[in-house]
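A.B. asks: need a structure here:
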Amino acid sequence: MGIPPAITIYTDGAALGNPGPGGYGIVLISGRHRKEISQGYRLTTNNRMELLAVIVALEMLKITGSRVTVYTDSRYVADAVEKKWLFGWEKKGFKNRKNPDLWQRFLKVFRKHKVNFVWIRGHANIPENELCDQLAVRAAKSSNLLEDEGYLSDPGTVT
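C.D. replies: Residues are numbered from 1 along each chain as shown. Reported below is the predicted structural model:
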C-alpha cells in the first residue's frame, strides 16, 4: 500500500463567553485535497472547542498510521501533548483534570496516527489559521447548535 500520506491540519476553537456558545473550525489538507469543517455548540468553553477541533479532524482520517502535522494556536492542546503532560494525566485517571471525556476520546484517535503538534500564534496572518478562526466563530453564531454533552454532564469541573 505504500507510505501513508502526509496530512496537514489547522484547527481553532472559539467560545462567545467562556462558557457560552462555541464552535470549532478545521482545515484539513492532504496533497491536492482540502476540506473545511465546522460545528457550533449551545454551551461550551474555548478549551473544549480547541480540543474537539483536533479530535474531529483526526477522526476524519481514513488511513491508519497517517503522518499528521496539526497547527493550533491552543497552548492547552499543543503543550498537553508535546510536553507529555497528557500521559501523566492519563496514568492518574484524569483525576482533578478538566475535559477528561475529550482527552480520552483524543487519545484513542491520536494513537492511530503519527501526530506532531505545532503551536502557532493566533491572529498572526496565517491564512489557514485565520480561516479556522472565522469558521469557529461563524459556527458558534449559527442556528444549528449542538449540545456539548460532556460539558453539560459535569459543568462544575469542566472549563
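
A.B. asks: contacts for the helix or strand of the chain at the bottom of the mean pLDDT ranking, please.
C.D. replies: None of the helices or strands of the chain scores lower by mean pLDDT, DSSP states H and E than helix 149-153, at a mean of 87. Identification of contacts with helix 149-153 by CB atoms under 8 Å, 6 or more residues apart in numbering yields 19, 41, 43-45, 48, 99, 101-102, 158. Where C-beta positions appear, they are placed from N, C-alpha and C, glycine not excepted.

A.B. asks: who wins for neighbours among these?
C.D. replies: Most neighbours among those, by other CB atoms under 10 Å: Thr44, with 30 neighbours.

A.B. asks: surely that one and Leu16 touch.
C.D. replies: No - using CB atoms under 8 Å, Thr44 makes no contact with Leu16, being 10.0 Å away.

A.B. asks: shared neighbours, those two?
C.D. replies: Joint contacts of Thr44 and Leu16 (CB under 8 Å, 6+ apart) are Gly22.

A.B. asks: looking at the contacts of helix 149-153, which has the smallest pLDDT value?
C.D. replies: pLDDT across these is lowest for Val158, at 44.

A.B. asks: quick one: low-confidence residue ranges for the protein.
C.D. replies: 1-2, 4, 154-159 (pLDDT under 70).

A.B. asks: residue ranges of the strands in it, please?
C.D. replies: 6-15, 20-30, 33-44, 67-72, 114-119, 145-146 (DSSP state E).

A.B. asks: just those: most buried one?
C.D. replies: strand 6-15 (a mean of 25; mean count of other CB atoms under 10 Å).
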